Structures are given as structure tokens and as C-alpha cells.
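Novice: what's the 3D shape of this:
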Amino acid sequence: MTFIIAEPCVDLKDGACVDVCPVDCIYTEDDVNMYYINPDECIDCAACEPVCPVTAIFAEDETPGKWEKYINANYEYFGISR
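Specialist: Residues are numbered from 1 along each chain as shown. Take a look at the predicted model:
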């Protein structure tokens, strides 16, 4: 399992999650409007989840249905099949 960043992060890009990630598995680019968690690098520590100011980070299997499309988006960002 991995953690997923969902819609509340879009256009926010706060970065608190990046600062606490012990394995540096959260990425973005200047022209991308949110952060993504690399599912191959994530160690499921959940350090990122409580520091997110907009509650955008969820365990993959606990991602709300309304944001389920972000599960695939997180995998696809890294070219990984789910």
C-alpha cells in the first residue's frame, strides 16, 4: 500500500508533506499543479498525512470515493501500472 495525494492539493502545493517525508518520495515539477507520492518509494509511514493543511493525503485503500481517480493519477505520474 502507498499513500495518495488527492484533489485538495491541486493548486495549493503547500510542501509540508515533503518536509517530513523520511524517504523523499513526494514529487512535483514547477509546471505541475500538485504533489505526487511515488508508490514504489513510499514506506507507508504516514508522516505526511497529519501535516497536510488541507487533508489531501490518504492511505490508498482509504481514499474517499470522490477522489478515487487520484489513485491512478499518482501511479501514472511515475509511469507505474497499478
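
Novice: C-alpha from now on. contacts and neighbour counts both.
Specialist: OK.

Novice: hey, where'd the strands end up in the chain?
Specialist: Counting by DSSP state E, one finds strands in the chain at the ranges 3-5, 26-27, 36-37, 57-59.

Novice: Buried residues in stretch 21-30, which are they?
Specialist: Buried residues in stretch 21-30, counted by 16 or more other Cα atoms under 10 Å: Cys21, Cys25, Ile26.

Novice: doesn't Tyr35 make contact with the last one?
Specialist: The reference is to Ile26. Yes. Counting by Cα atoms under 8 Å, Ile26 touches Tyr35, with 6.5 Å between them.

Novice: ok so, going back, Gly79: which of the strands of the chain is closest?
Specialist: strand 36-37 (12.0 Å; Cα to Cα).

Novice: Figure out how far that closest one is from the centre of its chain.
Specialist: 4 Å (Cα atoms, centre = their mean, to the nearest Å).

Novice: Just list what it packs against, helices and strands only.
Specialist: On a contact count with 3 or more Cα pairs under 8 Å, 6 or more residues apart in numbering; DSSP states H and E, strand 36-37 meets strand 3-5, strand 26-27, helix 69-77.

Novice: which one of the ones you listed lies closest to Cys45?
Specialist: Closest approach to Cys45 among these is made by strand 3-5 (9.0 Å; Cα to Cα).

Novice: Check which helices and strands that closest one is in contact with.
Specialist: Using 3+ Cα pairs under 8 Å, 6+ apart: strand 3-5 touches strand 36-37, strand 57-59, helix 69-77.

Novice: Sheet partners, orientation included, of the shortest one?
Specialist: Spelled out, that is strand 36-37. strand 26-27 (antiparallel) (DSSP bridges).

Novice: What lies in contact with the partner strand?
Specialist: Cys17, Val18, Tyr35, Tyr36, Ile37, Asn38 (Cα atoms under 8 Å, 6 or more residues apart in numbering).

Novice: That strand: how far from the chain's middle?
Specialist: On Cα atoms, centre = their mean, the centre of strand 26-27 falls 7 Å from the chain's centre.
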